[in-house]
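*Asks:* Provided below for reference: sequence and predicted model.
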Amino acid sequence: MRTLYLDCSMGAAGDMLAAALLELLPDPAGFVDQLNNLGIPGVVFRPETVEKCGIRCTHMRVTVDGREEESADAFPEHLHGHHHHGHEHEHEHEHEHEHEHDHDHEHEHDHDHDHDHHHSHHSLGDITGIVSGLKVPETVRTDILSVYRLIAEAEGHVHGRPVEEIHFHEVGTMDAVADVAAVCLLLHALAPEHIVSSPVHVGSGSVRCAHGILPVPAPAAAYLLRDIPSYGGSVRGELCTPTGAALLRHFVGEYGPQPVMRVEKIGYGGGKKEFEQANCVRAMLGQSADKPEQIIELTCNLDDMTPEAVGFAMERLLEAGALDVYTTAVGMKKNRPGLLLTCMCPEARRDEMLHLLFLHTTTLGVREKLWKRYTLHRSVETVETVHGPVRVKHVRGWGVTREKPEYEDLARIARAEGISIQQAVEYVRSQRTSSGMEHT
């Protein structure tokens, strides 16, 4: 099983995760070119080599309109916001907009300064608009928006406000979108089948915000880390930021020590601050033994929803990362025909799926069951033909190998050539054989 292990013994931040994953790629420079062409307004990615306790690491420097945003987690005006952890100095921002406020941030500088900003804020809807224009696969776009929704929900919970009322600082928004987009796209490229993380070191001490001095981890990060193994320690400072916590919550399927694995590549993503302990996230990619995955089955009975509404609920669940969603016809009380809606999801997505089930269905209760899941390893090969690219899906494991061309691509060829689907399959097979790409 292709496994990614994240060593978060010095916390997690968006830029550090991105830098560590970048080192795992065969062509990091080419991928950075891809990042710089995503279409994030004003953003430039520039990886730099840094040293942490004698270890060579990559630091992912992100500039917005030519300057690096120091307090860049782009979190709502209500709290401090960073994703470059280990910040040292304080400065005050005075914003003039429809909800005026003052707040302090701690950053990694040894000086104090005051300055005024006059800018607007972005809502979650604005973020959705920005992300919808990015040049990324649809699955990556869905991941980016899911991570941002986790962030907004955490801030909404902390401040007792609906998600729709949460606003992100304009100056830091592009920087935070850049970090989240980079991590989501990197994981799409690396395609691990299983992601494991160590327990997360959150640091210790306090951070300063508009409302006063708050303990580490900051409230939004603490909320995002619920049900995730975490710990404090002797290192003083904010080690796990809200962006880092949201990314871990969205992608990691298991927390614990490094599994038995054959490590093939190791990446180090460095932060800015210097500590006695190397300030970096370490990512290890390799092969581990197959084992069952723990997944959750959530079910509810429905007898008062239209087919359109049920279909919409199923779409939203799948978009949010459900493994499978389906309905079964059932007979209910008072002799009513109804539907049993079943949602299969990773354990880490339980709360998100429950939220969506209650939001988009009329159910008053959801049942849960824990299952073990065995899967085959999946990969996709793209075959170039005169009729355009055709995706061929491969599965292997448990002594079984299979392959199948993507139906939509076969249908496109069949329509263009006036042939059957089966003839299109044979056509793709012949193209692969003639090009020497036959799968073995």
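*Replies:* The structure has been received and is ready for your questions.
*Asks:* Do a quick rundown of the strands in the stretch 101-250 of the chain.
*Replies:* For the stretch 101-250 of the chain, the strands defined by DSSP state E, counting those that start in this stretch occupy 101-107, 113-117, 121-123, 167-169, 194-197, 200-201, 203-204, 206-209, 212-215, 230-231, 237-238.
*Asks:* count of neighbours near residue 382?
*Replies:* For residue 382, the tally of surrounding residues (other Cβ atoms under 10 Å) stands at 11. C-beta: built from backbone N, CA, C; applies to glycine.
*Asks:* who's in contact with it?
*Replies:* Residue 382 makes contacts with 389-392, as judged by Cβ atoms under 8 Å, 6 or more residues apart in numbering.
*Asks:* Let's have the residues you listed in CSV, adding distance to residue 429, pLDDT and neighbour count.
*Replies:* Below are the contacts of residue 382 laid out as CSV (distance: Cβ to Cβ, whole Å; pLDDT from 0 to 100; neighbours: other Cβ atoms under 10 Å):
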residue, distance to residue 429, pLDDT, neighbour count
389, 15, 85, 10
390, 10, 88, 23
391, 14, 89, 16
392, 9, 87, 19
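*Asks:* okay, those residues in JSON lines with secondary structure and distance to residue 410 next?
*Replies:* What follows is the contacts of residue 382, written out as JSON lines (DSSP: H, G, I helix; E, B strand; the rest coil; distance: Cβ to Cβ, whole Å):
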{"residue": "389", "secondary structure": "strand", "distance to residue 410": "12"}
{"residue": "390", "secondary structure": "strand", "distance to residue 410": "7"}
{"residue": "391", "secondary structure": "strand", "distance to residue 410": "10"}
{"residue": "392", "secondary structure": "strand", "distance to residue 410": "10"}
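*Asks:* what's the closest of those residues to residue 283?
*Replies:* residue 391 (27.3 Å; Cβ to Cβ).
*Asks:* That closest one contacts residue 381, correct?
*Replies:* Yes. Applying Cβ atoms under 8 Å, one finds residue 391 in contact with residue 381, separated by 7.4 Å.
*Asks:* what about residue 267, distance to residue 369?
*Replies:* 37 Å (Cβ to Cβ, to the nearest Å).
*Asks:* State the helix or strand in which the nearest residue to residue 378 once chain neighbours are set aside lies.
*Replies:* Closest residue to residue 378 apart from its sequence neighbours, by Cβ to Cβ, 6 or more residues apart in numbering: residue 395 at 5.3 Å. In this assignment (DSSP states H and E), residue 395 forms part of strand 388-397.
*Asks:* what sits up against that strand?
*Replies:* If you take Cβ under 8 Å, 6+ apart as the criterion, strand 388-397 is touched by 290, 375-383, 401-406, 409-410, 412-413, 428, 431-432, 439.
*Asks:* Just those: which are in strands?
*Replies:* When DSSP state E is applied, those are split such that 377-383, 401-405 fall in strands.
*Asks:* Any quick ChimeraX command for the buried ones out of these?
*Replies:* Buried members of the ones in strands among the contacts of strand 388-397 can be picked out in ChimeraX with the line below, counting by 16 or more other Cβ atoms under 10 Å:
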select :383,405
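*Asks:* Need the max-distance pair from the ones in strands among the contacts of strand 388-397.
*Replies:* The farthest-apart pair in the ones in strands among the contacts of strand 388-397, when distances are taken by Cβ to Cβ, is 377 and 383, at 19.6 Å.
*Asks:* circling back: which of residue 267 and residue 369 has more residues huddled nearby?
*Replies:* A side-by-side neighbour count of residue 267 and residue 369, using other Cβ under 10 Å, places residue 267 first with 25 against 11.
*Asks:* In a strand, the more buried one, correct?
*Replies:* Yes. Counting by DSSP: H, G, I helix; E, B strand; the rest coil, residue 267 falls inside a strand.
*Asks:* Contact partners for it?
*Replies:* Applying Cβ under 8 Å, 6+ apart, the residues contacting residue 267 are 19-24, 58, 282-285.
*Asks:* Let's see that with 10 Å instead.
*Replies:* Contacts for residue 267 were tallied using Cβ atoms under 10 Å, 6 or more residues apart in numbering; they are 4, 6, 17, 19-25, 28, 57-58, 186, 190, 280-285.
*Asks:* swap in residue 355?
*Replies:* Taking Cβ under 10 Å, 6+ apart, one finds 149, 153, 320 in contact with residue 355.
*Asks:* What strand or helix carries it?
*Replies:* Residue 355 is located in helix 350-360, with elements delineated by DSSP H and E.
*Asks:* May I have whatever helix or strand comes next after that helix as PDB, with CA atoms only?
*Replies:* The helix or strand immediately downstream of helix 350-360 is strand 367-373, counting by DSSP H and E. Only the C-alpha atoms of strand 367-373 are listed here, as PDB (Å, rounded to 0.1, in the frame of the first residue of the first chain):
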ATOM      1  CA  ARG A 367     -27.400   5.500  12.900                       C
ATOM      2  CA  GLU A 368     -23.700   4.600  12.800                       C
ATOM      3  CA  LYS A 369     -21.900   1.300  12.300                       C
ATOM      4  CA  LEU A 370     -18.100   0.700  12.100                       C
ATOM      5  CA  TRP A 371     -16.800  -1.500   9.300                       C
ATOM      6  CA  LYS A 372     -13.500  -2.900   8.200                       C
ATOM      7  CA  ARG A 373     -12.800  -2.200   4.500                       C
END
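*Asks:* Outside of strand 367-373 itself, list whatever touches it.
*Replies:* In contact with strand 367-373 (Cβ under 10 Å, 6+ apart) are residues 291-301, 323, 340, 342, 344, 346-347, 350, 353-354.
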